[in-house]
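In: Sequence plus the predicted model coming up.
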Number of protein chains: 2
Amino acid sequence: MAGHKPTIHDVAAKAGVSKSLVSLALRGSDKVSAESRLAIESAAAELGYRPNAAARSLADRRSRAIGVLVLDFNNPIFAQILDGVQQVAGVNGYNTLIVTGSSDPVRQESELARLLEFQVEGLILIAHRLSAETITRISDERPVTIITRNDVTGANVDTISNDDQAGARIAVEYLITLGHSHIAHVTGGDNQISRDREKGYRDAMSTAGLRENIHVIPGDFTDSGGYRAANEIFEGRPESTAAFVANDLSALGVMAAAADSGRTVPNDFSVIGYDGMALASLRTLNLTTIQQPLVEMGRLAVTQLLKRIETPNIPNVSVQVNSQLHRAGTCAPPSH
Amino acid sequence: MAGHKPTIHDVAAKAGVSKSLVSLALRGSDKVSAESRLAIESAAAELGYRPNAAARSLADRRSRAIGVLVLDFNNPIFAQILDGVQQVAGVNGYNTLIVTGSSDPVRQESELARLLEFQVEGLILIAHRLSAETITRISDERPVTIITRNDVTGANVDTISNDDQAGARIAVEYLITLGHSHIAHVTGGDNQISRDREKGYRDAMSTAGLRENIHVIPGDFTDSGGYRAANEIFEGRPESTAAFVANDLSALGVMAAAADSGRTVPNDFSVIGYDGMALASLRTLNLTTIQQPLVEMGRLAVTQLLKRIETPNIPNVSVQVNSQLHRAGTCAPPSH
DNA sequence: TTCCCTTCTTGGAACGTTCCAACTAGTGTC
DNA sequence: GACACTAGTTGGAACGTTCCAAGAAGGGAA
């Protein structure tokens, strides 16, 4: 709590040189004599000098910050993605400004505005709920990378996603291989990701000649949604022996409903999810799922964003990562 | 991607007024004529003007940002705390700079430095691993609020924590009430929180006259640590009928080990955790635990931090929130 | 000695705001 | 008609950096 924060001028005065030389020295320029450098460094250390990022950002017109808008923190897969984002951003000397998108559109806009006023050099959207129009508008000002969706395009927009249809097909084909034919599907609600996963389910069922067994129950990507949907399955189609659930969180709800209805998983009922949520692979849950490389997706997003920040007009990329079947404990051949 | 970002001067020129008046109007001063205000607002909208936070921060010496250092994202309870932090910060117009503390001390220091260079007005530490000395040094420059620990003090430091000893006692007393007497404890490793919870366990056991049954196995707050520790219990003290585990994540590991060893939870073995991790209360897991009001703790932390930012010399506070027994499905009376 | 070159160093301008003291144009009072 | 107010409005200084053109010091070549 010294009288005031030391500035570059204070360091200069103490070291007996000009502020310009301090600036140069502290940024590691090689055209500073060893003698001056030493004096400057020790003066800075002694004063506890910290460069003011706002001033620097103003002077060289770079904020060295990227903004991250994430839907919420309730689904832990976002934390895994964020982990990857943080890693790469940190290594490259970028700060990350993380904002959780509130469901209220007005507040969401104002939080976005706050991010942009900070002059973030780029934006990462994780499972956003912004309109295509909003995104286009924003990407006019700054590069944007979208994770988990690839349905928005724009000159300044890159996307990192997995092939949801393909992943869903893998899941359903696996159940079919195990011998299931009465396979239900719990959706994730009205959004692109959920629609793609549903399409994969329908495709795989049709291809296997199981078109008439298709049974789709609406869900909402939450665990309680999964619970409700599962009960609907058990009542409406008791012949079902397995379910492909739109995400892991919902799959946990399905498992709970199965247990509550007296069914053992996987002996009486098989469940397969989607995402690769870290917690679901804990031994206690041991959920079979389609695993997205979540941390890697976060990493890729920042890498691509920084690339575009550095070279604004590179061609758009739309990276599709591979999701893989993670065999675990919630799927088995049907017992009858 | 216009030639350059519009500044306050561009707005002023377009509206036919001075930059000062634009500044005034855009910040909602009441000493601007309705006419000018209108002209300014429409000019700003038309140009897509966004105030530059760096310039503002420089001019009025406030960054309107708080820094958050969180241990990692692996334990989902941190996400819950962050949720609360974000809520209150956002409502008050503050940006949050979130950084995950790497385990590497050197990198951790540099990330902290990055935060401070951004001139964050205060710092929130969630489950940090910084030395008391480092914290004191930092708190010399800026207010600090620590969540989940209260063992560091300083003129500028507030803490939000729960009473770990009391919470642990509640957990153990609950098991005793159910009829258990051979109760083991899995710790969270070498840190203050874990030590406090262990102390609560020992106290409760002693008070109940079960001193000779005390059995402490070292853990590390991770699920695999819990798994290992549980196996140690089953081998070393097969007479144990229950375990109080230092946190929920580890408790899940214990449950997995119980299942793998052929024990049913809670019939053969009772498990109680600590934290109130959202996922552990999912129906599938239904973990009995000591629930901390995590989101509320995040809220309180920001509230207190902002208070201290506004009025630097208020007396220190050390808020202790109440943790409560959350009765769920993993505890039952012993069967023999 | 003079001149040029290199190496190191410097002060001033710029970045986009906010704050402040001072100015202008009305409006009302005596 | 002079005066004091009030409501709006203004330009300049300041915030703490970086960048840039230019200066100083020292050495070698002619």
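Out: Looks like it arrived, so ask away. These figures come from a predicted structure and were not determined experimentally.
In: hey, let's count contacts and neighbours off CA atoms from now on
Out: Will do.
In: now the helices: where do they sit in the stretch 51-200 of chain A?
Out: A:53-60, A:77-91, A:105-117, A:132-141, A:164-178, A:192-207 (DSSP state H, counting those that start in this stretch).
In: my read: A:T241 touches A:T330, true?
Out: No: if you go by C-alpha atoms under 8 Å, A:T241 and A:T330 don't touch, sitting 11.9 Å apart.
In: Now for the two: what residues contact both?
Out: Taking C-alpha atoms under 8 Å, 6 or more residues apart in numbering or on different chains as the contact rule, the neighbours common to A:T241 and A:T330 are A:S270.
In: These two: who's more crowded?
Out: Remark: of A:T241 and A:T330, A:T241 carries more neighbours, 26 against 21, as counted by other C-alpha atoms under 10 Å in any protein chain shown.
In: From A:A257, how far out is that one?
Out: According to C-alpha to C-alpha, to the nearest Å, A:T241 stands 14 Å off from A:A257.
In: rank the helices of the stretch 51-200 of chain A by mean pLDDT and give me the bottom one.
Out: Between the helices of the stretch 51-200 of chain A, the lowest average pLDDT goes to helix A:105-117, which shows a mean of 85.
In: how about that one against chain B, any contact?
Out: Yes: interface with chain B: helix A:105-117 contributes A:111, A:114-117 (C-alpha under 8 Å from any C-alpha of the partner chain).
In: How about the contacts made by the closest residue to A:I98 other than its chain neighbours?
Out: In space, and not counting its chain neighbours, A:I98 is closest to A:V68: 4.7 Å by C-alpha to C-alpha, 6 or more residues apart in numbering or on different chains. Residues in contact with A:V68 (C-alpha under 8 Å, 6+ apart) are A:96-99, A:123-126.
In: Reformat those residues as CSV; add pLDDT and neighbour count.
Out: Formatted as CSV, the contacts of A:V68 follow (pLDDT from 0 to 100; neighbours: other C-alpha atoms under 10 Å in any protein chain shown):
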residue, pLDDT, neighbour count
A:T96, 92, 23
A:L97, 91, 22
A:I98, 90, 21
A:V99, 88, 26
A:L123, 95, 28
A:I124, 96, 27
A:L125, 94, 23
A:I126, 93, 24
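In: from these, which is closest to DNA strand D?
Out: Closest to DNA strand D out of the contacts of A:V68 is A:T96 (19.6 Å), distances taken as C-alpha to the nearest atom of the strand.
In: give me the number of residues near the residue nearest to that closest one when sequence neighbours are not counted?
Out: Nearest non-adjacent residue to A:T96, counting by C-alpha to C-alpha, 6+ apart: A:I66, 5.1 Å away. Neighbourhood size, A:I66 [other C-alpha under 10 Å]: 25.
In: burial count for the residue lying closest to A:T288 once chain neighbours are set aside?
Out: Distances taken as C-alpha to C-alpha, 6+ apart place A:A328 nearest to A:T288, at 4.5 Å, with adjacent residues excluded. For A:A328, the neighbour count with other C-alpha under 10 Å is 15.
In: Give me the pLDDT value at A:A328.
Out: 96.
In: rewinding a little: bridging across strands, which residues link to the residue nearest to A:I98?
Out: Judged by DSSP bridges, the bridge partners of A:V68 are A:I98, A:I124.
In: and if you look at A:Q291?
Out: Here A:Q291, judged by DSSP bridges, has bridge partners A:D275, A:Q324.
In: I figured it hits A:H326, correct?
Out: Yes: with contact defined as C-alpha under 8 Å, A:Q291 reaches A:H326; the gap is 6.0 Å.
In: Now do the shared contacts for these two.
Out: In contact with both A:Q291 and A:H326: A:G276, using C-alpha under 8 Å, 6+ apart.
In: hmm, back to that, of all the helices of the stretch 51-200 of chain A, which one comes closest to DNA strand C?
Out: The stretch from the helices of the stretch 51-200 of chain A with the least distance to DNA strand C (C-alpha to the nearest atom of the strand) is helix A:53-60; that distance is 3.3 Å.
In: Verify the stated contact: A:T289 with A:L279.
Out: No: if you go by C-alpha under 8 Å, A:T289 and A:L279 don't touch, sitting 11.9 Å apart.
In: Looking at those two, which is more packed in?
Out: Counting neighbours by other C-alpha under 10 Å for A:T289 and for A:L279 shows that A:T289 has the greater number, 34 against 23.
In: element containing the more buried one, please.
Out: Using DSSP states H and E, A:T289 falls within strand A:288-291.
In: With just CA atoms, put that strand into CSV.
Out: Coordinates of each C-alpha in strand A:288-291 appear next as CSV, following Å, rounded to 0.1, in the frame of the first residue of the first chain:
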residue,chain,number,x,y,z
THR,A,288,-20.0,-46.2,-22.0
THR,A,289,-20.0,-43.2,-24.2
ILE,A,290,-18.8,-41.5,-27.4
GLN,A,291,-15.8,-39.6,-26.3
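In: now for it, which elements pack on it?
Out: In terms of contacts (3 or more C-alpha pairs under 8 Å, 6 or more residues apart in numbering or on different chains; DSSP states H and E), strand A:288-291 is packed against helix A:164-178, strand A:270-275, strand A:324-326.
In: And the second one, what does it pack against?
Out: By that I understand strand A:270-275. strand A:242-245, helix A:248-260, strand A:288-291.
In: Which residues outside the last one are in contact with it?
Out: Read that as strand A:288-291. Defining contact as C-alpha under 8 Å, 6+ apart, one finds that strand A:288-291 is touched by A:167-168, A:170-171, A:248, A:271-277, A:281, A:323-331.
In: avg pLDDT for it?
Out: pLDDT averaged over strand A:288-291 gives 98.
In: C-terminal to that strand, which secondary structure element comes first?
Out: Strand A:288-291 is succeeded, C-terminally, by helix A:294-310 (DSSP H and E).
In: Check the offset of that following helix from the chain's centre.
Out: Taking C-alpha atoms, centre = their mean, to the nearest Å, the mean C-alpha location of helix A:294-310 is offset from the chain mean by 11 Å.
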